[in-house]
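1. Here you go, sequence then predicted model.
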Amino acid sequence: MRVWFITGASRGFGSLVAAEALAAGDAVVATARNLQAVIERLGDQPNLLPVALDVTNEAQAQAAAAAAVERFGRIDVLFNNAGYGLLGAVEESSGPEVEKLFATNVFGLLAVTRAVLPHMRRKRSGHVINISSIGGYGAFVGWGVYGSTKFAVEGITEALSAELAPLGVKATVVEPGFFRTDFLDGQSLAVTAEIADYAETVGAMRRFAVDANHAQPGDPAKFAKAMLTLAGAENPPLRLAVGSDTVAHIERKNAAVAKELDAWRELSLSTDFPT
């Protein structure tokens, strides 16, 4: 039996992974700001511990991790899932909007990770799974600021993986593509004010988001099953692309980066001291 600590467990990926883990016989500490929504979604089960948690409140994160260990003795899998989106051009994104987004998507993830890692280090085991995005590997117009939070998660996870490996703890960043969840609904997505000059680029993305809502190619139920496979892997990857759209996006970016690197190689290599 694994013990999961899941943030953002009241809906979307968080609730689906929690339900899948419980069905597999695992124990789940399901956290969310709306505790009643967790209880209504997952019910009353002996292996379930619902805990109220706003990830931007570090004291709450520490208390939630302590409650998890008091109830189940350990935390095997930290599933950092809490977060939301911001749709708008970089220039359209106001200071308060950017700060609020980073507070949840980056600083909140760090707060929860700091709360859980001491318990994993003591056991010399565990797996940190951080949810990024297709936009965390390669940027899209209209998602620049949101993607930057996920770029941060990618870098944090890459460093964590190296830092934790000698301590028996693993770290993976998961890059979902567009899945048929409520991510494009108002409860998961904030939208900035509009500047007319971006109508052809970001405006097109805004229209795409409306049309794509609940018509995305990814199956959330299959995503949840994939996360259990990932958690059970003896040698999990540092990065896991999830969805055919993410795989294609990564391949395109890798090819473009390699082409650009080759084109500018001479200038890139010209800046060292002579040897």
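-> Sure, I can see it.
2. Any idea what the residue nearest the centre of the chain is bridged to?
-> Compute the mean C-alpha point of the chain, and by CA atoms, centre = their mean the closest residue is residue 131, 1.9 Å away. With DSSP bridges as the criterion, residue 131 is bridged to residue 174.
3. May I have the distance across stretch 119-133, first residue to last?
-> 27 Å (CA to CA, to the nearest Å).
4. before we move on, what about stretch 207-221?
-> 26 Å.
5. With stretch 239-250 instead?
-> Terminal residues of stretch 239-250 lie 11 Å apart, using CA to CA.
6. What are the buried residues along that stretch?
-> 239, 240, 241, 242, 243, 245, 246, 249, 250 (16 or more other CB atoms under 10 Å). Placement of C-beta: from N, CA and C, glycine included.
7. Now compare those and name the two farthest from each other.
-> Using CB to CB, the two most remote members of those are 239 and 245, lying 15.4 Å apart.
8. Contacts for the helix or strand hosting residue 162, please.
-> Element membership of residue 162, judged by DSSP states H and E, is helix 144-164. For helix 144-164, the external contacting residues (CB atoms under 8 Å, 6 or more residues apart in numbering) are 80, 83, 85-90, 93, 97-98, 101-102, 105-106, 109-110, 113, 117, 120, 128, 130-133, 135-137, 139-140, 170-173, 238-239.
9. Next step: the residues you listed restricted to helices.
-> Among those, the members found in helices (DSSP state H) are 97, 98, 101, 102, 109, 110, 113, 117, 120.
10. ok so, going back, now, of the contacts of helix 144-164, which are buried?
-> Buried by 16+ other CB under 10 Å: 80, 83, 85-90, 93, 97-98, 101, 105-106, 109-110, 113, 117, 120, 128, 130-133, 135-137, 139, 170-173, 239, out of the contacts of helix 144-164.
11. Strands - which of the buried residues of stretch 239-250 land there?
-> Members of those lying in strands (criterion: DSSP state E): 239, 240, 241, 242.
12. Who are the contact partners of the first one?
-> This means residue 239. Contacts of residue 239 (CB under 8 Å, 6+ apart): 137, 154, 172, 173, 174, 175.
13. bridging residues for it?
-> Beta-bridge pairing for residue 239 (DSSP bridges): residue 173.
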